[in-house]
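Visitor: below: sequence and its predicted model.
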Amino acid sequence: MGQKLKITGWVAAGAVAGVLTTVSLQTVARGSLAPLPLEELQQLAAVFGMVKSDYVEPVDEKKLISDAISGMVAGLDPHSQYFDKKSFKEFREGTTGRFVGVGIEISQEDGLIKVVSPIEGSPAFRAGLKPNDLITKIDDTAVRGLSLNEAVKRMRGEANTKVLLTIFRKDESRTFPVTITREEIRTQSVRGKIMEPGYGWIRLSQFQERTVDDFVKKVEDLYKEDPNLKGLVLDLRNDPGGLLDAAVAVSSAFLPENVTVVTTDGQLAESKSVYKAAPEFYQRRSGSDPLRNLPAALKSVPLVVLVNEGSASASEIVAGALQDHKRAIVMGSQTFGKGSVQTVRPLGPDTGLKITTARYYTPSGTSIQAKGIVPNVLVDESAEGSPFAALRMREADLEKHLASGQGPETKDPEREKARDEARKRLEEEAKKPPQDRKAPEFGTDKDFPLVQALNRLKGQPVLVSKTQVIVENKDEKKEN
């Protein structure tokens, strides 16, 4: 491994617009190109000409070229992507944690959009929207039949424009309209509280630009509320990733100084990097060390990290670093397995290319790619097990996914059988009344994995999984 990657923009690792990514944004193009295959390029030009002249109706030349680039890149792996103007804007919004909208966290329920929580201080918060409110219409469009992404797009827009939401409030049995003026929203990626005297819980939902500052503030608040914490749970469940420097910083908050957090290795010299628990690896250019005011006790407080199949990329980096250095016990389910690095290179002022350039390795040299992090203690989603876990996609399930680079993957022949059984259970679950199939919210006393994590910290019995199967690779160590 070489020295730390020199970055002229920023580095990210996570999910944007539903695509799991790990990204370093650079503003310099490659200095040289390999010899071009002229015969194949001539074929490409010939096809372009035929489509332009012979297709049943006129086609847009720019769209043809854009689609050709998209197809070429999409054929590489699930995470390489060409960004047109619109998708590049959405990508940037996802990594900054900023967007223009009404400011609500949402989910779907019975074909409608349910308000999980209004973001504090947002237009939706000020308009009085409450958790469990159902949105039935967005302007003149009925919500039933819309996907979650379609509903999000309709609620987002330009700053200072208005959107009319029709709300059904179940506990009051009434429907009413709310007109909300859109504005820039900054998402909250850190939550936390004292679960009981001596034991705290911090949840990171994504690693964004503000995550480290918000994490530090939340830790300080917890220690002010309870200066004698005996244990802490770091909850990374369903955290799709985000900015790499934020992941390195959060890891560094718990680790001894200068130990390795994560390494990357790829074809380019700049892809061979080592990231350590030191300010120069996570500190922003013009700022000071964001971890400088953290309580010293954070380096030694007993720690459990909660993960599941939705924990990906940057969250896997944190879990892997804390596990390898034996700083934390990792509990939950085997993680997603998103261990590849994508570099985003602008192709102009508003388009770009995201291309896979390296793999991630934990401090022990284990590849995260297509395997993920295996918890020290396997814990189910509920006391009844994890009946729908088999339906969740992992990196190894994605078509054209990058291999781990550490030996062939071992496929579980029982996986499809388990998926069929899970589908049947899901069909039966869907027949129940909504109140009977609502999953417990993270961070409550009914959150089964969190309760098991707290039991572990308190030295009490933990109900471990009796059914989870680990997806293994034959050769786990990096080949040098």
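Guide: Structure's in. What do you need?

Visitor: stretch 275-289: end-to-end distance?
Guide: This stretch, stretch 275-289, spans 16 Å end to end (C-alpha to C-alpha, to the nearest Å).

Visitor: who's in contact with that stretch?
Guide: Stretch 275-289 is contacted from outside by 4, 212, 244-246, 248-249, 251-252, 255-264, 290-291, using C-beta atoms under 8 Å, 6 or more residues apart in numbering. Heads up, the C-betas are built off the backbone N, CA and C, glycines and all.

Visitor: what residues sit buried inside it?
Guide: Buried residues in stretch 275-289, defined by neighbour count with 16 or more other C-beta atoms under 10 Å: Tyr275, Lys276, Ala277, Ala278, Pro279, Phe281, Tyr282, Gln283.

Visitor: stretch 168-182 now?
Guide: Residues Phe168, Arg169, Val178, Ile180, Arg182 are the ones in stretch 168-182 that count as buried (16+ other C-beta under 10 Å).

Visitor: go on, stretch 444-463?
Guide: For stretch 444-463, by 16+ other C-beta under 10 Å, it's Asp447, Phe448, Pro449, Leu450, Val451, Gln452, Ala453, Leu454, Arg456, Leu457, Val462.

Visitor: so of those, which ones are in strands?
Guide: In strands, judged by DSSP state E, none of these are found.

Visitor: ok, the spatially closest residue to Pro346 that is not a sequence neighbour - contacts?
Guide: Spatial nearest neighbour of Pro346, excluding adjacent residues (C-beta to C-beta, 6 or more residues apart in numbering): Gly352 at 4.7 Å. Counting by C-beta under 8 Å, 6+ apart, Gly352 makes contact with Tyr82, Phe83, Phe88, Phe91, Val344, Arg345, Pro346.

Visitor: restricted to strands, list those residues.
Guide: Judged by DSSP E, these include Tyr82, Phe83, Val344, Arg345, Pro346 as members of strands.

Visitor: and the gap between the last one and Tyr82?
Guide: Distance check for Pro346 against Tyr82: by C-beta to C-beta, to the nearest Å, it reads 12 Å.

Visitor: who has more neighbours, those two?
Guide: Taking other C-beta atoms under 10 Å, Pro346 and Tyr82 do not tie; Tyr82 has more neighbours (21 against 17).

Visitor: is it true that the more buried one touches Ile69?
Guide: Yes: using C-beta atoms under 8 Å, Tyr82 is in contact with Ile69, at 4.7 Å.

Visitor: find residues that contact each of the two.
Guide: Contact criterion C-beta under 8 Å, 6+ apart; residues shared by Tyr82 and Ile69: Leu353.

Visitor: re the thing from before, closest to Gly405 among the contacts of Gly352?
Guide: If you rank the contacts of Gly352 by distance to Gly405 using C-beta to C-beta, Val344 comes first, at 21.9 Å.

Visitor: so that closest one touches Thr357, yeah?
Guide: No: contact criterion C-beta under 8 Å: Val344 and Thr357 do not qualify, at 10.0 Å.
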